[in-house]
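A.B. asks: Next one to model:
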Amino acid sequence: MRPNARKNVIYSLILLVMVILVYTWRSRNNPIETVDETDLSSGKVSFSGQTMGTTYSITYLDAEGRDFKKGVDSLLLLFNSSLSTYLPDSELSRFNRQDTLAYELPFMLPILKKSQEVYEKTNGAFDPTVGPLVNIWGFGPGGPVMKDSVDISRMLRSVGFEKIQFDENRIIKADSSIYLDFSAIAKGYGVDVVADFLEQKGIANYLVEIGGDLAVKGVNDRGELWKLGINRPEEESSAADIYSIVALQDKGMATSGNYRNFYMRDSIMISHTISPETGYPVRHGLLSATVIAGDCMTADAYATAMMVMGTEAAITLDEELSELEVFLIYSDGQGGFAYYVSESLAPYLSFPTE
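C.D. replies: Numbers count the residues shown, from 1 in each chain. From the prediction side, this is the model:
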C-alpha cells in the first residue's frame, strides 16, 4: 500500500485487454483523471479511480446501469484505514507502534489468516514482517538508495511471521520490534473486498482491478470469458507489449516481477524482492510470476512468494498445491525468455505473436 502511484502503475504487469483495453490504457496514462462511463444499452458500467497509491478500474454488467463508484470509494477508504502503513491512525500503523491491537474493522483478521497460511505453505518465502528490510534496501518512500551502516543480520532477528499471535479478537507481538507490512497482499485483498461488494449488489459479471491485481466473474458484455494480458518482462516494454493472454472465469489473478522495480549499485541489479531468509535482494532467473487462484488475495501472496523462491522452487510449489495455477516467465540463459505453465491453465493461455 505504498503511495508511489506512478511507480506502481509503471511496473503493473497486468493489462486489461479486449473489451476494456482502450479504457485501461487511457486511465493508466492519466491516473489523475477519474472516469465514469455507463453503457445503458448493453448494461456495461465502467469507472476508475485511485487507491493504495495506485489506480483501480472496474467493469461490470448491470441491466439497471447502476453506478457503484461512490460505494466503492468509501469502501476502499475504510479498507485503507485498517491496513495502510502510510496512514498514521490506521489499525496497522497503531499496531506497529504498540504490542497489541483489538480489531475494530473486519479486514485485519482475514489478512492475518491468509498471511499465516501462505507463510507456512511457502516455508517463510511470503512474510509480511520483512517490510523494514524492503525499506532499508531503498524501496520505501526514501527512494532507491541502500542505507549505509546497516546490520542485516541484526534486522533479521525482527523478521518472522511466527513472532506474532492472533485470535478472533486481537493480535499480539511476541517481539516488540516486529513491524507488519501487508503491501505484498493488500491490493489482492482489496480486489476481493470490492468484488464481494459488487456481488452483494447482485452483480454476476464483473472485472475488478487494483494496480494490476484483479478478479473476474462471469463473462464480459460480449458473452465471452474475460481475457487478460500479461506484459513482456522487460524494463523498456510498454503496457501494450503483451507476452501472453489468459482467458479467465470466476478467479483472481496477480503477477509479481523484478524487471522494473530495481536499481543498479556497483554494476549489480538490486531488486525490490527481498528474501526473508537472508535479508538480501533475490538473484535468480525468474522474471515474473503470474498466479491464478480462487481469490485475488491468495494469488497476490503466492505471486510474491514465488518471486522470492525462484523458478525451480516455484514450479515445485505449483505441483504441490492444486488450488493454484501458475504462469512463470524466466530467463533462458541466452538473453531470451522461457516459460512454465500449469497443465490445467495451458488450454486457456494464448500468445499473440504465434
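
A.B. asks: residue boundaries of the helices in the chain?
C.D. replies: With DSSP state H, the ranges of helices along the chain come out as 5-11, 21-29, 69-83, 91-97, 108-121, 131-134, 152-156, 186-200, 296-309, 311-320.

A.B. asks: Pick the most deeply packed of those helices.
C.D. replies: Between those, helix 296-309 has the highest mean count of neighbours, a mean of 28, where neighbours are mean count of other Cβ atoms under 10 Å. Backbone N, C-alpha and C define where each C-beta goes, glycine included.

A.B. asks: Show me what that helix is packed against.
C.D. replies: In terms of contact count using 3 or more Cβ pairs under 8 Å, 6 or more residues apart in numbering; DSSP states H and E, helix 296-309 is assigned the packing partners helix 108-121, helix 186-200, strand 213-217, strand 251-257, strand 286-293, helix 311-320.

A.B. asks: helices or strands next to the last one in the packing?
C.D. replies: When you say that, I think you mean helix 311-320. The contact analysis (3+ Cβ pairs under 8 Å, 6+ apart) places helix 311-320 against strand 286-293, helix 296-309, strand 325-331, strand 337-341.

A.B. asks: Report the rounded mean pLDDT for it.
C.D. replies: Across helix 311-320, pLDDT averages out at 96.

A.B. asks: now do the second one
C.D. replies: The average pLDDT for helix 186-200 rounds to 98.

A.B. asks: what does it rub up against?
C.D. replies: Counting by Cβ atoms under 8 Å, 6 or more residues apart in numbering, the neighbours of helix 186-200 from elsewhere in the structure are 1, 51-52, 54, 56, 58, 60, 68, 71-72, 75-76, 79, 83, 107, 110-111, 114, 182, 206, 208-215, 217, 252, 254, 295-301.

A.B. asks: returning to what we had before: of the helices and strands packed on helix 296-309, which approaches residue 175 most closely?
C.D. replies: Distances from residue 175 to each of the helices and strands packed on helix 296-309 were compared using Cβ to Cβ; the shortest belongs to helix 108-121, at 15.7 Å.

A.B. asks: Only alpha carbons, please: show that closest one as CSV.
C.D. replies: The C-alpha coordinates for helix 108-121 follow below in CSV (Å, rounded to 0.1, in the frame of the first residue of the first chain):
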residue,chain,number,x,y,z
MET,A,108,-7.4,-7.4,9.8
LEU,A,109,-8.3,-10.9,10.8
PRO,A,110,-8.8,-12.3,7.2
ILE,A,111,-5.4,-10.9,6.0
LEU,A,112,-3.7,-12.4,9.1
LYS,A,113,-5.2,-15.8,8.5
LYS,A,114,-4.2,-15.8,4.8
SER,A,115,-0.7,-14.5,5.6
GLN,A,116,-0.2,-17.3,8.1
GLU,A,117,-1.4,-19.9,5.6
VAL,A,118,0.8,-18.8,2.8
TYR,A,119,3.8,-18.2,5.2
GLU,A,120,3.5,-21.8,6.3
LYS,A,121,3.0,-23.3,2.8
